[in-house]
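Asker: Next comes the sequence, and after it the predicted model I'd like to discuss.
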Amino acid sequence: MKAIRRFTVRPLLPDPLRPLSDLARNLRWSWHAETRDLFQSVDPERWAVSDGDPVRLLGGVRPARLTELAGDRRFLRRLSAAADDLHDYVTGDRWYQAQPRTAGLPAAVAYFSPEFGVTAALPQYSGGLGILAGDHLKAASDLGVPLIGVGLLYRHGYFRQTLSRDGWQQEHYPVLDPNELPVTLLKEDDGTPAQISLALPAGKQLHARVWLAQVGRVPLLMLDSDVEENDLGERGVTDRLYGGGSEHRLLQEMLLGIGGVRAVRTYCRLTGHAAPEVFHTNEGHAGFLGLERIAELADTGSDFDSALEAVRAGTVFTTHTPVPAGIDRFDRELVARHFGPQAELPRMDVDRILRLGMETYPGGEPNLFNMAVMGLRLAQRANGVSLLHGQVSREMFSGLWPGFDPEEVPITSVTNGVHAPTWVAPEVLRLGARQFGSGRAEDALSVGGSDRWDAVADIPDQDIWELRRDLREQLVLEVRERLRASWRQRGAGTAELGWIDGVMDPDVLTIGFARRVPSYKRLTLMLRDRDRLMDLLLHAERPIQIVVAGKAHPADDGGKRLVQELVRFADDPRVRHRLVFLPDYGMAMAQKLYPGCDIWLNNPLRPLEACGTSGMKAALNGCLNLSVLDGWWDEWFQPDFGWAIPTADGVGTDPDHRDDIEAAALYDLLEQRITPRFYERGRAGLPDRWIEMVRQTLTLLGPKVLAGRMVREYVERLYTPAAHAHRTMTPDTARELALWKQRVRSAWHAVQVDHVETSVATTTAELGTTLALRVRVGLGDLTPDDVEVQAVSGRVDEEDRITDATTVPLKPSGGPDLDGRWLYEGPLSLDRTGPYGYTVRILPAHRLLASGAELGLLEVPSEEAVEGAGVVLR
């Protein structure tokens, strides 16, 4: 019988146990083993039933047990120690507080993301973007970075996945009650819930409450539209992550960006938290936050252009997609309808808003509003999430900076990292603590530093191998339990499932493959030659076993067909003990899967993987990577600790042919190099060479793949420069910069390079020669203070394109001539042998620009200007 109404009955904890509530409401427990052990000791059986969620645990503990614990002095000592430890963690100085005051670090940073994967107990994530955002918050907390996270609270989260009898993905959306989650309602001083409102067309309003999840030291604000003040349609805005049509997604992103800024202001007002100096947009979904901040400044008297400059100065934008199809784009008229006099931001010119997101570049769609394009135009600093992805992003968005080579597009890269205390198995942590002390082990995982990881070299081979087998055995048991549950959901009876007791073997080489299932990740590449795969799975002496997991987007039938194809192969009685598909991939499964695998497989279409962090998590547990050279693996791969799958980038556009070639390369590696190394034994009966690769993985990759390293890079390379720019951008300074940009843009048509000449006009020269370069330019209404004339030189390819360029500014020589032309001069040093060339160019220049490419304006010589000047020297 179904209940007509649902209540959440909270436990009444005895006074001595009150600290348990504080410990449960701070999500640090999700990465702090001692706190989890404390909760487990409250009621081990209920802890297991609650899936390790302290809030659920406390909601179900018998009152008699609570009374018993309230009189247990040993438990109370442990509780007091845990509470004191959390207090010290939250209030004490950490890495950020130890930085010199002269560094000028930001007082606070607001970090916006559409999803956050902090813990399985707060299911507000779908995949890598959310997990990365959760790891960002946790690492910021460990480092003491004053971050405020901003997202949405989805009442259905992302879907739960099951399989039909024939292997078709089915989606389920369980309702999440915030009162049963580790969150609290943000309230005004009078105890009423704090509320955020947005104006909608036709005089309607979108209201939202703000839930607070405490992630260690970091508050995470999540807006929830399921409130009584809203009509039914508006209540559903935050129903599902990545659900609904275009207008639904637009409203979600308006609430995240505009409502998110208002939530931050409310939180800072109520708590006294420092106001953010830097706003970080994690992908384009939250891009509207820049519009709200422009509106805030307009309310204090700034015009749109001045406010835009002030907002840009303190904004960082991170792009996570290497393909245009992965970006949210909305119909121009849909966006226009939701802004202006009859909707949100009524005093802002709708045309100015639309121009921020329009694809006004070759190949762009003029009637689409692009959220990533708006994100880039509203941020003075932008980055991709690996070195290769930075290159891909510069090429993908180069139309916003016409005339500049992709390598000069102002998008840098900060390679993602993972939060080791979340993803490293407790058994690995215990081995590290036993080997070189718990304090040093914790520092290695949170702070990083190669010196802390070098101690791995001293761990005996026997200990490493016993650990690896133990983790593999735990995974085997986990797989059997999950597989049995899956088959029951598919309609199988207990009598049909006896075979599951023989699924997987703790002594067989175990390969993991788990991720979302878009087509470019190629879930079924391993099935290209099924006979070869079957031979690998069933080899008499060197078998492999594979664990696969992943969700296809609910609207992606192509992805669902890939899942079904894989499941049907895994259902074959000949191989089902060696290859399994586990439905409902999420954080809880991943935390068992990464440590238990020997090989982590990744075979995307290169270069479509922006970063891909699952292999990093596996590596921190001693799992070796087998991957296409894409994302982070392209950057850090070494044959000492893994394998690179050769790619067929140059075979043309036939995707089937490319898949055949790359699948064959995968089989070759498994047959000829990987399985022999895993099964070979040295004198002590151990796989010596395999163990050494595990050791190298931990020693060399360990300090690189940490989220602590990533967050420090953001602080040093992006947040701190953005904070400096924000402080510099006073209203008068912002106005000065806005007027200067207007003047430069209007006058740029008259800027030109008239003539270029050098002291040597031959086509050969000796190494070390210094040429005298003279350039005559016309600046129109501009002056030398508005521009920089540069000489760009370097080696040239067969098409005379300059590679590995060196840029040197030239200096004006005297005033303008009678025609108003300026003469610039400077030396050009020929410091490299071989084909060599140079050119000159004119860029806008201002002390407040973050990059010479910022305005997207560039002037280079015409053919007439360089005729006979020896522009390319060989």
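Answerer: Yes, it's here.
Asker: ok, now which ones touch the nearest residue to Ile148 once chain neighbours are set aside?
Answerer: Once flanking residues are discounted, Ile148 sits nearest to Ala110: 4.9 Å by CB to CB, 6 or more residues apart in numbering. Where you see a C-beta, it was placed from the backbone N, CA and C, and this is true even at glycine. By CB atoms under 8 Å, 6 or more residues apart in numbering, the residues touching Ala110 are 147-148, 150, 260-261, 264, 276, 278-280, 289.
Asker: what sits opposite Ala110 in the beta ladder?
Answerer: Note on Ala110: beta-bridge partners by DSSP bridges are Ile148, Phe279.
Asker: ok, the contacts of Ala110 vs Asp458, which is closest?
Answerer: Nearest to Asp458, judged by CB to CB, of those is Leu147 at 35.8 Å.
Asker: What residues of stretch 348-368 count as buried?
Answerer: Neighbour-count burial for stretch 348-368, counted by 16 or more other CB atoms under 10 Å, picks out 348, 350, 353-354, 356-359, 368.
Asker: out of those residues, which are inside helices?
Answerer: With helices taken from DSSP state H, the overlap with these comprises 350, 353-354, 356-357.
Asker: need the residues you listed in JSON lines with pLDDT and distance to Leu198, can you?
Answerer: Formatted as JSON lines, those follow (pLDDT from 0 to 100; distance: CB to CB, whole Å):
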{"residue": "Val350", "pLDDT": "96", "distance to Leu198": "16"}
{"residue": "Ile353", "pLDDT": "97", "distance to Leu198": "14"}
{"residue": "Leu354", "pLDDT": "97", "distance to Leu198": "18"}
{"residue": "Leu356", "pLDDT": "97", "distance to Leu198": "18"}
{"residue": "Gly357", "pLDDT": "97", "distance to Leu198": "18"}
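Asker: Show me which of the residues you listed is closest to Leu767.
Answerer: Here the nearest of these to Leu767, counting by CB to CB, is Leu356; it sits at 48.8 Å.
Asker: measure that closest one to Ala310 for me?
Answerer: 15 Å (CB to CB, to the nearest Å).
Asker: Could you pull out the helices in the stretch 1-150 of the chain for me?
Answerer: 19-25, 33-42, 44-49, 54-60, 63-70, 73-91, 128-143 (DSSP state H, counting those that start in this stretch).
Asker: what's the most buried one of those helices?
Answerer: Burial of those is given as mean neighbour count (mean count of other CB atoms under 10 Å); helix 128-143 ranks first at a mean of 27.
Asker: from the chain's centre, how far out does that helix sit?
Answerer: Chain-centre distance of helix 128-143: 9 Å, with CA atoms, centre = their mean, to the nearest Å.
Asker: Which strands or helices does that helix pack on?
Answerer: When contacts are defined as 3 or more CB pairs under 8 Å, 6 or more residues apart in numbering; DSSP states H and E, helix 128-143 packs onto strand 109-112, strand 147-152, strand 205-215, strand 218-224, strand 278-282, helix 420-423, helix 438-446, helix 707-713.
Asker: where does the stretch 551-700 of the chain have low pLDDT?
Answerer: 650-653 (pLDDT under 70).
Asker: got the contact list for the residue lying closest to His553 once chain neighbours are set aside?
Answerer: Distances taken as CB to CB, 6+ apart put Gly559 closest to His553, at 6.2 Å, once the chain neighbours are dropped. Contact analysis of Gly559 by CB under 8 Å, 6+ apart lists 517-519, 523, 552-553.
Asker: same thing with His553?
Answerer: 242, 516-518, 559.
Asker: could you dump the residues you listed to JSON lines with secondary structure and distance to Asp231?
Answerer: As requested, these are exported to JSON lines (DSSP: H, G, I helix; E, B strand; the rest coil; distance: CB to CB, whole Å):
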{"residue": "Tyr242", "secondary structure": "coil", "distance to Asp231": "23"}
{"residue": "Arg516", "secondary structure": "coil", "distance to Asp231": "33"}
{"residue": "Val517", "secondary structure": "coil", "distance to Asp231": "36"}
{"residue": "Pro518", "secondary structure": "coil", "distance to Asp231": "35"}
{"residue": "Gly559", "secondary structure": "helix", "distance to Asp231": "34"}
